[in-house]
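Participant: sequence and predicted structure are below.
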Amino acid sequence: MSESDVIVPGSPAVPTPEAPPGAAPEAPPVPVAAPSGLPVGHAPATPTAPRPPRRLLRAGGATVAAALVGVVIGIGIIEVRYDDPAPATAAPTPASAPAPSATATPFGAKSNGNHFGSLRDLLLPVPAGYGLGADDGGFGNDVELTGEQLLAAELDDEVVTMPKEQQDKLRKYWNDLHVKAAGVRTYTTQAGDLTISMKLRQFNQQEVQKLNEYTAIFTGETGIFRTGPAVPGHAEAHCYLLPAPPSAPIDRLECSAAEGDLLVVMAVEGVAPLPKDRIVALLAQQLDRLAIPGASV
């Protein structure tokens, strides 16, 4: 067990505009468990259940990052902390699925388990009843990153608080993974009560499997996480609910799965209780799209 913590930083506060003179003061916002990426919908006529904050939690996949550290350093338990949310910002313009290009680019999986084509094509298209969500941290809401971009955007932030010896060990392990790329797409319901971040990380198959297995052990044996739902037809996938008090209005769930040379990480936030059947159905669709011997357009 190491003294190092994986700490997920919160988003910077956004100034709230002042009310005009003579206007009644606004009620303070209801505090929630963690930031999210849900766009704000129209104002309801009557009080409804609280909605998740709109900035997507950068901790999506934080448990996988913690497991990555554990694979290298042998940490048994890593504390995962979440900062308070930043105030909401202006709602993004509603978006739909990316328009297909005039000439479709082939994508899929080879019989050896390696995938080909753009990771944006391999990601699940925006399903009916959903739209593109807000940015997932600094990644955007529909993007493909190179291995170098992913290293700069993700790993450097995770290791900055570690002793130099551990930083060097983790960076060497990362380089040995030969990370090719990462794809990110976010989804949000039309009602604005649920947000999902789907990430594909492409690297060495053996290490994909190892990290996925370690994540399952890490989330199952530390006592930090709550048991999540199973994903029918996909025994390689495992889900876990993040720490939260029983009365929390917002709940968070993460899932991890290995498909050949792709590590699939899904992070979900929404109004409690989460619609778990609906969530795992989306993950199953994503995994089916990546199925070996081939995904198809």
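Facilitator: Nice, I can see it.

Participant: since we're on residue 108, how many residues are nearby?
Facilitator: By other Cβ atoms under 10 Å, the residues close to residue 108 number 18. Just so you know, the C-beta spots here come from the backbone N, C-alpha and C atoms, and that holds for glycine as well.

Participant: separation between it and residue 114?
Facilitator: With distances defined as Cβ to Cβ, to the nearest Å, the gap from residue 108 to residue 114 amounts to 10 Å.

Participant: where are the low-confidence patches of the stretch 1-150 of the chain?
Facilitator: Judged by pLDDT under 70, the stretch 1-150 of the chain has its weakly predicted residues at 1-105, 150.

Participant: would you agree residue 288 falls within a helix?
Facilitator: Yes - secondary structure assignment (DSSP: H, G, I helix; E, B strand; the rest coil) places residue 288 inside a helix.

Participant: show me where this protein has helices.
Facilitator: Listed in chain order, the helices of the chain (DSSP state H) span residues 62-73, 119-122, 147-150, 156-159, 164-177, 205-221, 276-289.

Participant: then stretch 217-228 to CSV, C-alphas only?
Facilitator: Coordinates of the C-alpha atoms in stretch 217-228 are reproduced here as CSV (Å, rounded to 0.1, in the frame of the first residue of the first chain):
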residue,chain,number,x,y,z
ILE,A,217,-9.8,-6.7,-8.6
PHE,A,218,-9.1,-3.1,-7.4
THR,A,219,-12.8,-2.1,-7.5
GLY,A,220,-14.0,-5.4,-6.0
GLU,A,221,-11.6,-5.9,-3.1
THR,A,222,-10.7,-2.5,-1.7
GLY,A,223,-14.1,-1.9,-0.1
ILE,A,224,-14.2,1.6,-1.6
PHE,A,225,-16.7,0.9,-4.4
ARG,A,226,-20.2,-0.5,-4.5
THR,A,227,-21.0,-3.5,-6.7
GLY,A,228,-22.4,-2.5,-10.1
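
Participant: pLDDT averaged over it - what is it?
Facilitator: Stretch 217-228 shows an average pLDDT of 88 in the prediction.

Participant: report the buried residues of that stretch.
Facilitator: The neighbour-count check on stretch 217-228 (16 or more other Cβ atoms under 10 Å) flags 218-219, 222, 224-225, 228 as buried.

Participant: re earlier: mind checking which of the helices of the chain is nearest residue 237?
Facilitator: Relative to residue 237, the nearest member of those by Cβ to Cβ is helix 276-289, separated by 6.4 Å.

Participant: tell me the mean pLDDT for that closest one?
Facilitator: In this model, helix 276-289 carries a mean pLDDT of 96.

Participant: buried sites along that helix?
Facilitator: Along helix 276-289, the positions that meet the burial threshold by neighbour count (16+ other Cβ under 10 Å) are 276, 279-280, 282-284, 286-287, 289.

Participant: ends of stretch 221-239, how far apart?
Facilitator: Taking Cα to Cα, to the nearest Å as the measure, stretch 221-239 stretches 13 Å from start to finish.

Participant: who touches that stretch?
Facilitator: Contacting residues not belonging to stretch 221-239 are listed as 63, 76-80, 212, 215-216, 219-220, 240-243, 253-259, 264, 276-277, 279-280, 283-284, 287 [Cβ atoms under 8 Å, 6 or more residues apart in numbering].

Participant: tell me the pLDDT of the residue lying closest to residue 280 once chain neighbours are set aside.
Facilitator: If the residues on either side of it in the chain are set aside, residue 280 comes closest to residue 231, at 4.8 Å by Cβ to Cβ, 6 or more residues apart in numbering. Residue 231 is assigned 96 on the pLDDT scale.
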